[in-house]
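Chemist: Fold the following for me, if possible:
(one chain, ligands or ions: 2)
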Amino acid sequence: MDIEYMTHSLDAVFKMNEPHVMALGFFDGVHLGHQSLLQQAKCIAKEMGLKFTVMTFDPHPDEIIKRETDRRYITPLESKLERISAFGADKIFVMNFNLPFASLPADDFIKNYIVGLHAKHVVVGFDFSFGYKAQGDVDYLRQYSNGGLFEVTVISKKTRNHQKISSTLIRKLIRDGDVHLIPNYLGKPYEIRGCLEGTLMKAFHTDRKYIMPKPGLYQVEILLGTKRTMGLFRCRVESCQLSGYGWVSPGEITVKFLYQSGLIRTATV
Ligand SMILES: Cc1cc2nc3c(=O)[nH]c(=O)nc-3n(C[C@H](O)[C@H](O)[C@H](O)COP(=O)(O)O)c2cc1C
Ligand SMILES: Nc1ncnc2c1ncn2[C@@H]1O[C@H](COP(=O)(O)OP(=O)(O)OP(=O)(O)O)[C@@H](O)[C@H]1O
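Modeler: Numbers count the residues shown, from 1 in each chain. Ligands and ions are numbered 1, 2, ... in the order given. Okay, here's the model as predicted:
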């Protein structure tokens, strides 16, 4: 699997010369709605005998357009790329979302980055938007594709409990500490990666831009390579600590949030 990092206007020579089927979107979290889209794109590529590619953006458009200085993610870029590649993408285009790119009109985006990259079929969700001031939508994409240069598949809205499965909803669940509800939308528990330091109550650090759950005590699963154990993770505004029931040795770990541990919350740590 290839990852192609692209910056608008610097990349005069385009990075794909063979026809392919391309899924488009930001995909924070790679939640169940995204997964359905990626799965469908993969199937179409297989049927057409073409490569399956994904175009995503980094950083989030709000960091540039709304100047959000401390934007947090369900899956910071590295984790997002890992999850997308698990769907069997042959190539992922990571488009640097900068101001010149944000100012690109919708039809120029299509000319440069759909037709220009030789995508023969694009797969997007029902509410995909693109182009300057987000003026391009799925109808615009369909109209443009009538020229016969590429085809478009639009994925219908995927819902759970009568709500759209969305990154916004998952971000809220994390921030509210409702981590037990997250697998319903994400397909698995919310997880973060970082380093443990210290002995008994170990300090957890991460330099990745994860959203941290609301301050409180959480029952977590801890993974280090193939080893796994249960633990308690205390989120504070300024720091996080972890204690494990089995081994918890210092080093790089993955922490999966299972539920907020209300009963044990009063225990001093
Ligand atoms: C070329 C281009 C220009 C964009 N310009 C804007 C913009 O001016 N304002 C805005 O709010 N979003 C802009 N966006 C972001 C899109 O509205 C949207 O968030 C992005 O394409 C990801 O789509 P998704 O959120 O449906 O996954 C732009 C996107 C692209 C591809
Ligand atoms: N529930 C869903 N059903 C079908 N398609 C979806 C769903 N959620 C997102 N998509 C599609 O997946 C792609 C990426 O979407 P995006 O990253 O904006 O997800 P989102 O969950 O809508 O994010 P946010 O809540 O931040 O707006 C887009 O093409 C979008 O239309």
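Chemist: Just say helix, strand or coil for F57.
Modeler: Here F57 is recorded as strand under DSSP: H, G, I helix; E, B strand; the rest coil.
Chemist: again, but for the one 5 residues further on
Modeler: When the structure is split into helix, strand and coil by three-state DSSP, D62 lands in helix.
Chemist: Just to check, it is in contact with R71?
Modeler: Yes. Proximity of D62 to R71 meets the contact threshold set by Cβ atoms under 8 Å, at 6.3 Å. (C-beta placed from N, C-alpha, C; glycine too.)
Chemist: any weak-confidence spans in the stretch 51-200 of the chain?
Modeler: Where the stretch 51-200 of the chain drops to pLDDT under 70, the residues are 199-200.
Chemist: Who does the residue in it that ligand 2 sits nearest to form a beta bridge with?
Modeler: Nearest residue of the stretch 51-200 of the chain to ligand 2: G125, at 2.0 Å (Cβ to the nearest ligand atom). Note on G125: beta-bridge partners by DSSP bridges are I155.
Chemist: Against ligand 1, how distant is it?
Modeler: G125 sits at a distance of 6 Å from ligand 1 (criterion: Cβ to the nearest ligand atom, to the nearest Å).
Chemist: So what's the residue count around that residue?
Modeler: Counted by other Cβ atoms under 10 Å, the residues lying close to G125 total 22.
Chemist: just checking, it touches L37?
Modeler: Yes. The pair G125 / L37 is scored as a contact, 5.6 Å apart, by Cβ under 8 Å.
Chemist: so what sits against both of those two?
Modeler: Common contact partners of G125 and L37 (Cβ atoms under 8 Å, 6 or more residues apart in numbering): G25, I155.
Chemist: Give the full set of residues in contact with the residue of the stretch 51-200 of the chain closest to ligand 2.
Modeler: Neighbour list for G125: G25, G33, L37, V154, I155, K157 [criterion: Cβ under 8 Å, 6+ apart].
Chemist: Those: which two are farthest apart?
Modeler: With Cβ to Cβ as the measure, no two of these lie farther apart than G25 and K157, at 13.6 Å.
Chemist: quick one, which of these two is more surrounded?
Modeler: G25 (23 against 11).
Chemist: which of the residues in the longest helix anywhere in the chain are buried?
Modeler: Longest helix of the chain, by residue count under DSSP state H: helix 32-48. Of all the residues in helix 32-48, those buried under the rule 16 or more other Cβ atoms under 10 Å are L32, G33, H34, Q35, L37, L38, A41, K42, I44, A45.
Chemist: Tell me if that helix is near ligand 2.
Modeler: Yes. Using Cβ under 6 Å from any ligand atom, helix 32-48 reaches ligand 2 at G33, H34, L37.
Chemist: neighbouring contacts of that helix?
Modeler: With contacts defined as Cβ under 8 Å, 6+ apart, helix 32-48 is touched by 20-23, 25, 27, 30, 51-52, 54, 84, 87-89, 120-121, 123-125, 153, 155, 157-158, 160, 164-166, 185-187.
Chemist: Repeat that for stretch 155-169.
Modeler: Stretch 155-169 is contacted by residues 26, 28-29, 31-33, 36-37, 40, 74, 123-127, 184-185 when judged by Cβ under 8 Å, 6+ apart.
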